[in-house]
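J.: predicted model follows, preceded by the sequence.
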Amino acid sequence: MRDDTFRIRAYGESNDASGKVLARAWCEAIVQRTPEYCDSTNDAEVPAREIDANGRFSDNPDLTSSNRRFGRKFRIESFRWLSPSEV
């Protein structure tokens, strides 16, 4: 089993009716994907995908419909607003 950590940055702006930028904002989140599924009915050890003898992947039918759709849990480890000089 494994987990992964991601740094996600986002940008947004607010414009007036003529398109002039009124405000800008940047943020950053550190997000960790955990081994646990969103729906705890399935154990974390249950694989999300299966491979057949011909090398074709398919969703594991043993997963609940929620876990097939949403997969593993994500946890926000940190969040911060960025200044323009940081981007």
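T.: It's in.
J.: my read is residue 68 is in a helix, agree?
T.: Yes: under DSSP: H, G, I helix; E, B strand; the rest coil, residue 68 sits within a helix.
J.: which residue is the nearest non-sequential neighbour of it?
T.: residue 59 (5.1 Å; C-beta to C-beta, 6 or more residues apart in numbering). All C-beta atoms are positioned from the backbone trio N, CA, C, and that covers glycine.
J.: so who does that neighbour touch?
T.: Taking C-beta atoms under 8 Å, 6 or more residues apart in numbering as the criterion, residue 59 is in contact with 48-50, 68.
J.: these in helices, which ones?
T.: residue 68 (DSSP state H).
J.: in a markdown table, list the contacts of residue 59 along with distance to residue 40, neighbour count and pLDDT.
T.: Shown next, in a markdown table, are these (distance: C-beta to C-beta, whole Å; neighbours: other C-beta atoms under 10 Å; pLDDT from 0 to 100):
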| residue | distance to residue 40 | neighbour count | pLDDT |
| --- | --- | --- | --- |
| 48 | 15 | 14 | 94 |
| 49 | 19 | 10 | 94 |
| 50 | 21 | 12 | 94 |
| 68 | 15 | 17 | 95 |
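J.: and the contacts of residue 59, which two are furthest apart?
T.: 50 and 68 (11.9 Å; C-beta to C-beta).
J.: so how far is stretch 67-87 from its chain's centroid?
T.: 7 Å (C-alpha atoms, centre = their mean, to the nearest Å).
J.: and that stretch, end to end?
T.: 35 Å (C-alpha to C-alpha, to the nearest Å).
J.: same check on stretch 57-71?
T.: 16 Å.
J.: buried set for that stretch?
T.: Within stretch 57-71, the residues scored as buried using 16 or more other C-beta atoms under 10 Å are 63, 67-68.
J.: show me the longest strand that occurs in this structure.
T.: Using DSSP state E, we find that the single longest strand of the chain is strand 21-37.
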